[in-house]
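[1] need a structure here:
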Amino acid sequence: MAMTLHHIGIISRDAAKTAAAYKDMLGLELDKMGIVNHESHGVKMGFAPTGATPLEFMEAADPPPGQSAKRILDQIEKRGEGLFHLCMFSDDYDADVANIRGKGYDFDEAEMDQGDGTKLRVGFLSPDDTSGVWIEIVDAAAVPEQFR
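    Okay, here's the model as predicted:
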């Protein structure tokens, strides 16, 4: 079971405004893509490099068509804006999933289309089991090198 933290997701009703506040307070700049509309997920998002682990700023798109958008809206409704998820990259996804399920945890899997034809196997541990934070586990073998 070898996993590494890839990024930390922060949700708000306005990702650009939140990213601007982090820039003002901490000097964190969004990467060159800025805030982008990721239509296949129903979210707007952007990454701010912070060294080894970037921050991902996210908001639900309007209207919210995807499962990711639904999770964001549900989380804001239940717990408010703020920390949303930790994204872990797994070097042995099948073994890690079997281990998690073998311990009785709820694990929701999906194939996520990245919008460029890349499809990733991902799964989510529920915030009900993780003190209020989604844990996203990604099959690292399918992630293009430029996104690792």
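[2] okay, now the unreliable bits of the chain?
    For the chain, the stretches flagged by pLDDT under 70 are 1, 63-65, 114-116, 144-148.
[3] helices of that one, start to end?
    Secondary structure of the chain (DSSP state H): helices located at 15-26, 67-79, 93-102.
[4] and those as a markdown table, adding distance to Glu39?
    To be clear about C-beta, it is placed using only N, CA and C from the backbone, and glycine gets the same treatment. As requested, the helices of the chain are arranged in a markdown table below (distance: least, CB to CB, whole Å):
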| stretch | distance to Glu39 |
| --- | --- |
| helix 15-26 | 15 |
| helix 67-79 | 10 |
| helix 93-102 | 26 |
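[5] closest one to Gly42 among those helices?
    Nearest of the helices of the chain to Gly42, taken as CB to CB: helix 67-79 at 3.3 Å.
[6] that closest one - contacts with which helices or strands?
    If contacts are counted by 3 or more CB pairs under 8 Å, 6 or more residues apart in numbering; DSSP states H and E, helix 67-79 sits against strand 3-11, strand 43-48, strand 55-60.
[7] dump that helix to PDB, restricted to CA.
    Only the C-alpha atoms of helix 67-79 are listed here, as PDB (Å, rounded to 0.1, in the frame of the first residue of the first chain):
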ATOM      1  CA  GLN A  67     -21.300  14.000  -9.500                       C
ATOM      2  CA  SER A  68     -18.400  16.100  -8.400                       C
ATOM      3  CA  ALA A  69     -20.600  19.200  -8.400                       C
ATOM      4  CA  LYS A  70     -23.200  17.400  -6.400                       C
ATOM      5  CA  ARG A  71     -20.600  16.400  -3.800                       C
ATOM      6  CA  ILE A  72     -19.400  20.000  -3.600                       C
ATOM      7  CA  LEU A  73     -22.900  21.400  -3.100                       C
ATOM      8  CA  ASP A  74     -23.800  18.800  -0.500                       C
ATOM      9  CA  GLN A  75     -20.600  19.500   1.400                       C
ATOM     10  CA  ILE A  76     -21.200  23.200   1.400                       C
ATOM     11  CA  GLU A  77     -24.800  22.700   2.600                       C
ATOM     12  CA  LYS A  78     -23.700  20.300   5.400                       C
ATOM     13  CA  ARG A  79     -20.400  21.700   6.500                       C
END
